[in-house]
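# Coordinates only, no sequence provided:
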């Protein structure tokens, strides 16, 4: 784990690996442990869903979403 944390300083893909490990922890916590928010039964599952979206984003080298939408802007007059 320490190696993954060190490599996160160099590449976004390793941050994605770390977030994926956190997603696995959230899934295990949802089924076998206490929930993150005690009065919400699906809080750990919701965190896992959010984390997997972040994993995908980091595997795309944390692409700038703002510039992605600027490409599809309408033509200037």
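That came through fine. What you see is a predicted model, and the numbers here were worked out from it, not measured in a lab.

# Can you list the low-confidence ranges for the chain?
63, 65, 67-77 (pLDDT under 70).

# What residues does residue 1 make contact with?
residue 21 (C-beta atoms under 8 Å, 6 or more residues apart in numbering). All C-beta spots, glycine's among them, are computed from the backbone N, C-alpha and C.

# Would you mind listing the buried residues in stretch 50-67?
Buried residues in stretch 50-67, counted by 16 or more other C-beta atoms under 10 Å: 51, 52, 54, 55, 57, 58.

# So residue 16 sits against residue 53, correct?
No: checked against C-beta atoms under 8 Å, the pair residue 16 and residue 53 is beyond contact range at 11.1 Å.

# what's near enough to touch the residue nearest the centre of the chain?
Nearest residue to the geometric centre of the chain (C-alpha atoms, centre = their mean): residue 54, 2.3 Å. By C-beta under 8 Å, 6+ apart, the residues touching residue 54 are 16, 19.

# gap between it and residue 38?
In this view, residue 54 and residue 38 are 24 Å apart by C-beta to C-beta, to the nearest Å.

# Can you point out the buried residues in the longest helix along the chain?
Longest helix of the chain, by residue count under DSSP state H: helix 12-32. The neighbour-count check on helix 12-32 (16+ other C-beta under 10 Å) flags 14-20, 22-23, 26-27, 29-30 as buried.

# What is that helix packed up against?
helix 2-7, helix 43-59 (3 or more C-beta pairs under 8 Å, 6 or more residues apart in numbering; DSSP states H and E).

# Compile those helices into CSV and extend it with columns for distance to residue 34.
Shown next, in CSV, are the helices and strands packed on helix 12-32 (distance: least, C-beta to C-beta, whole Å):
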stretch, distance to residue 34
helix 2-7, 25
helix 43-59, 9
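
# which one of these lies closest to residue 66?
Closest to residue 66 of these, according to C-beta to C-beta: helix 43-59, at 13.1 Å.

# now the closest one against helix 12-32, angle please.
Orientation check (axes from the mean of the first three to the mean of the last three C-alpha atoms, to 10 degrees): helix 43-59 against helix 12-32 gives 170 degrees.
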